[in-house]
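Peer 1: Quick one, fold the following:
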Amino acid sequence: MQACIEIAKGLPEWFIERDLRKEETYLTAENGNVLGSITVKPTNEKALEILWMAVKREHRRKILAPPS
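Peer 2: The predicted structure follows:
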């Protein structure tokens, strides 16, 4: 979670730290360094609402994970 907060602090125009602590968050990382995250809220058993998506500024417009 701390890695997500650090990304959010670098993007203050979009994120508030307390919001990131409320819901499920998933990360993407490279060599142990978190590059981005997505925070979701389940809306029912089969769906999620995306609340926040963040990528460090220096990694935007890059492929962060290979396609499955």
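Peer 1: Every contact and neighbour count from this point should use C-alpha atoms.
Peer 2: OK.
Peer 1: buried sites along the longest helix seen in the chain?
Peer 2: Criterion DSSP state H: the longest helix present in the chain is helix 2-9. Within helix 2-9, the residues that qualify as buried are Cys4, Ile5, Ile7, Ala8, counting by 16 or more other CA atoms under 10 Å.
Peer 1: Now do it: which elements does it pack against?
Peer 2: On a contact count with 3 or more CA pairs under 8 Å, 6 or more residues apart in numbering; DSSP states H and E, helix 2-9 meets helix 17-20, strand 33-44, strand 47-55.
Peer 1: Around the closest residue to Cys4 other than its chain neighbours, how many other residues sit close by?
Peer 2: Using CA to CA, 6 or more residues apart in numbering and skipping the chain neighbours, the partner closest in space to Cys4 is Ser37 (6.4 Å). Ser37: 22 surrounding residues under other CA atoms under 10 Å.
Peer 1: Identify the bridge partners of Ser37.
Peer 2: Leu27, Ala54 (DSSP bridges).
Peer 1: which residues sit in contact with Pro42?
Peer 2: Leu48, Glu49 (CA atoms under 8 Å, 6 or more residues apart in numbering).
Peer 1: Asn31 versus that one, what's the distance?
Peer 2: Noted for Pro42: a distance of 29 Å to Asn31, by CA to CA, to the nearest Å.
Peer 1: same question, Arg60
Peer 2: Remark: distance between Arg60 and Asn31 (CA to CA) = 17 Å.
Peer 1: Same drill for those two, tell me which one is more crowded.
Peer 2: Arg60 (12 against 6).
Peer 1: can you give me phi and psi for that one?
Peer 2: Reported as degrees, to the nearest 10, the phi and psi values for Arg60 are phi -70, psi 150.
Peer 1: Looking at it now. What's its pLDDT?
Peer 2: Arg60 is assigned a predicted lDDT (pLDDT) of 81.
Peer 1: cool, and Trp14?
Peer 2: 70.
Peer 1: What of Ile38?
Peer 2: Value listed for Ile38 in the pLDDT field: 87.
Peer 1: give me the number of residues near it?
Peer 2: So Ile38, with other CA under 10 Å, has 17 neighbours.
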